[in-house]
Each structure stands twice: as structure tokens, then as C-alpha cells.
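Participant: predicted model, plus sequence, below.
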Amino acid sequence: MANRSKKSTHKKKSWKELSPMARFGTVAAAIVQLSLLIAAQRDISRRPAEQIRGSKAVWRAVTLINFIGPGSYFAFGRKNLPGTR
């Protein structure tokens, strides 16, 4: 029977050890995440509370969850206005 309590020998790579493509991907993902966060926070600030499902404070907190939060806000947090599509 194999010993399952052995520690993983996989070491996390430092920034300097990443390939240029891995660095680019990391920076690109960070830019997308920050852009989504800023867009969601601005929309919450500018949109009247009547046009948001639930509490603005709750949606502000939810948008802090990476990618999922802002996506959830844009998909489910805003009410559809009549005549807009």
C-alpha cells in the first residue's frame, strides 16, 4: 500500500521562474479581473437601487469574488428595463 501522507514535491514557481507566456497570461487575467471589478462597482454606484435585484451592499461584496462575482452581478443583479435589449 502506498504511503498517502507523503508531501507533494511540487514547488510553486516564483515570478522569475515563469515562462514569458505564463507571465503574459497572468497579467492579462489580472487586467480582465480588475476591469470587470471596476465596471461592476461603477455600475452599482450609478444605477438606482430600484434597478438592482437585492441590496447594493451585498452586490458590492459579491463583485469582490474573482471573475464569478462581477459576472454574476451583470447576469443576475441588474433588472431588465422595459424597452431595452
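Facilitator: Received, thanks. Values in this document were obtained by computation on a predicted structure and should not be read as measured data.
Participant: for this structure, which helix is longest?
Facilitator: helix 20-46 (DSSP state H).
Participant: show me what counts as buried in that one.
Facilitator: Using 16 or more other CB atoms under 10 Å as the test for burial, helix 20-46 gives 36, 37, 40, 41, 43, 44. Where you see a C-beta, it was placed from the backbone N, CA and C, and this is true even at glycine.
Participant: enumerate every residue touching the second one.
Facilitator: With contacts taken as CB atoms under 8 Å, 6 or more residues apart in numbering, residue 37 has the following neighbours: 63, 64, 69, 70.
Participant: do the first one as well
Facilitator: Contacts here follow CB under 8 Å, 6+ apart; on that basis residue 36 touches 63, 67, 70, 71.
Participant: same deal with the fifth one?
Facilitator: Residue 43 sits next to 73, 74, 78 when contact means CB under 8 Å, 6+ apart.
Participant: quick one, what contacts the second one?
Facilitator: By that I understand residue 74. 40, 43.
Participant: so where's the protein shaky on pLDDT?
Facilitator: Residues of the chain that meet the criterion pLDDT under 70 lie in 1-8, 81-85.
Participant: reformat the contacts of residue 37 as TSV; add distance to residue 50 and secondary structure.
Facilitator: Formatted as TSV, the contacts of residue 37 follow (distance: CB to CB, whole Å; DSSP: H, G, I helix; E, B strand; the rest coil):
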residue	distance to residue 50	secondary structure
63	19	coil
64	23	coil
69	22	helix
70	21	helix
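Participant: drop anything exposed from those.
Facilitator: When the contacts of residue 37 are checked against 16+ other CB under 10 Å, the ones flagged as buried are 63, 69, 70.
Participant: where's the second one relative to residue 36, distance?
Facilitator: According to CB to CB, to the nearest Å, residue 69 and residue 36 sit 8 Å apart.
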